[in-house]
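Colleague: Need a 3D model of the sequence below.
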Amino acid sequence: MRNLCKLLLGSILSDDEIDTAIFDPFGFPWRSKEWSDKICRKVRGSYNAFEEGISEIHVTLEKIERALDLDSSVAIGAMLSESY
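Modeller: The predicted model follows:
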């Protein structure tokens, strides 16, 4: 997971920011103006599609968590750290 994030985001985020993105995939940093501006410049005219894709991933993960009766903070962190 980290390698994929580094490949996709390495030109706009530092290694520390990528680590934050992995361990808090829907948290505050993703909603910050700084990250939003960086991503917007990176994806240019596809920012809305990017946001929609991320929202769909978030909804899907929430459905999986409910189906498995998992605590989201534990479940997402565990899934991402295993592939980290």
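
Colleague: Contact partners for G53?
Modeller: Shown in contact with G53 (CB atoms under 8 Å, 6 or more residues apart in numbering): no residues. Every C-beta, even on glycine, is put in place using the N, C-alpha and C of the backbone.

Colleague: and the gap between T60 and I22?
Modeller: 17 Å (CB to CB, to the nearest Å).

Colleague: quick one: which of the two has more around it?
Modeller: Counting neighbours by other CB atoms under 10 Å for T60 and for I22 shows that I22 has the greater number, 20 against 10.

Colleague: Isn't the more buried one up against K6?
Modeller: No - counting by CB atoms under 8 Å, I22 stays clear of K6, with 9.7 Å between them.

Colleague: for the most centrally placed residue in the chain, helix, strand, or coil?
Modeller: Geometric centre of the chain, nearest residue: P25, 3.7 Å, by CA atoms, centre = their mean. Judged by DSSP: H, G, I helix; E, B strand; the rest coil, the three-state class of P25 is coil.

Colleague: From E51, how far out is it?
Modeller: Distance, P25 to E51, by CB to CB: 14 Å.

Colleague: Which parts of the chain are helices?
Modeller: With DSSP state H as the criterion, the chain has helices at 2-9, 15-23, 28-31, 33-43, 47-68, 72-83.

Colleague: Just put these in TSV and tack on mean pLDDT.
Modeller: Listed next are the helices of the chain as TSV, based on pLDDT from 0 to 100:
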stretch	mean pLDDT
helix 2-9	79
helix 15-23	83
helix 28-31	80
helix 33-43	87
helix 47-68	84
helix 72-83	57
